[in-house]
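quick check, what structure comes out for this input:
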Amino acid sequence: MAKLSSCRLGRLVVVGLFALAFLSCQAAEHKAVTPTPSASSAATSSQGEKTMTIVITSPAFREGSPIPKKHTGEGEDVSPPLEWTGVPEGTRQLALICDDPDAPRKEPWVHWVIYNIPADAKGLPEGVERVAQPKQPAGCAQGKNSWPDGENLGYRGPMPPPGKPHRYYFKLYALDQPLDALPGLTKEGLLSKMAGHVLAEGQLMGTYQRK
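Residues are numbered from 1 along each chain as shown. Below you'll find the predicted structure:
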């Protein structure tokens, strides 16, 4: 009788191990075929709303490549020309922020804040005037960068400490309503006004290194 019980117990152990192995294989197979999010679906906007569908480029430099000296604090310090496509339907206005997350401080160093850009604008010209309301694009306004008061309006180019290269992100936002904001907004003030109204984003990153 004891011998028979041992045999039955042995069969149960074998069956149990077989079932466990089968379930493990099924789980592994399921995991292998589970789709992972694509890069585009994972690239949500900084406002947590829409994906990055706008493509922003520059005739002056390519994505991830050095920004020409002309557009830096070591050169003429004029803003680079920018172009974009993919602005979605329903866009009422555009805004752009350029900042440097590699600056030796807690928050990114802000290089440019420009907004009230017409929805049908296809880009920004080289050398946008460093004034509150430049002539091009018509109707736009400029905010404050991270330079000291008195020299902190409009574009100021890369001027990192000597050493490693820094990254500079030009981020374009498509908005579902006009901001009609006065000149002089900070980056934080602009982001606050845009909250809940970002239809899409795009960004271009360039680098610069001082020897």
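
right, and the helix or strand after the worst-scoring helix or strand of the chain on mean pLDDT?
Lowest mean confidence among the helices and strands of the chain (mean pLDDT, DSSP states H and E): helix 39-42, at a mean of 32. Per DSSP states H and E, the first helix or strand lying C-terminal to helix 39-42 is strand 55-57.

that next one: partners in the sheet, and parallel or antiparallel?
Paired neighbours of strand 55-57 in the sheet (DSSP bridges): strand 82-85 (antiparallel).

got the domain ranges for this protein?
Per the record, the chain has its domains at 1-34, 41-208, by automatic domain parsing.

so how far is the longest one from its chain's centroid?
Spelled out, that is domain 41-208. Centroid separation for domain 41-208 versus its chain: 11 Å, with CA atoms, centre = their mean, to the nearest Å.

where do the helices sit along this protein?
2-33, 39-42, 187-194 (DSSP state H).

lowest-confidence stretch among those helices?
Within those, the stretch with the lowest mean pLDDT is helix 39-42, showing a mean of 32.

quick one: end-to-end distance for stretch 58-71.
12 Å (CA to CA, to the nearest Å).

next one: stretch 107-123
Termini of stretch 107-123 sit 27 Å apart (CA to CA).

circling back: most tightly packed of the domains of the chain?
The highest average neighbour count among the domains of the chain, using mean count of other CB atoms under 10 Å, belongs to domain 41-208 at a mean of 17. Every C-beta, even on glycine, is put in place using the N, C-alpha and C of the backbone.

could you list the low-pLDDT ranges of the chain?
Applying pLDDT under 70 to the chain flags residues 1-50.

same thing but at 50, please
For the chain, residues meeting the criterion pLDDT under 50 lie at 1-49.

so who does residue 101 touch?
Going by CB atoms under 8 Å, 6 or more residues apart in numbering, residue 101 touches 108, 167, 169.

bridged to the last one, which residues?
In this structure, residue 169 has beta-bridge partners residue 99, residue 205, where bridges are defined by DSSP bridges.

from residue 62, how far off is it?
From residue 169 across to residue 62, the span is 14 Å (CB to CB, to the nearest Å).

the second one too?
Here the criterion is CB to CB. By it, residue 167 lies 14 Å from residue 62.

repeat that for the first one.
Distance of residue 108 to residue 62, given as CB to CB: 22 Å.

that concludes my questions; thank you for your assistance.
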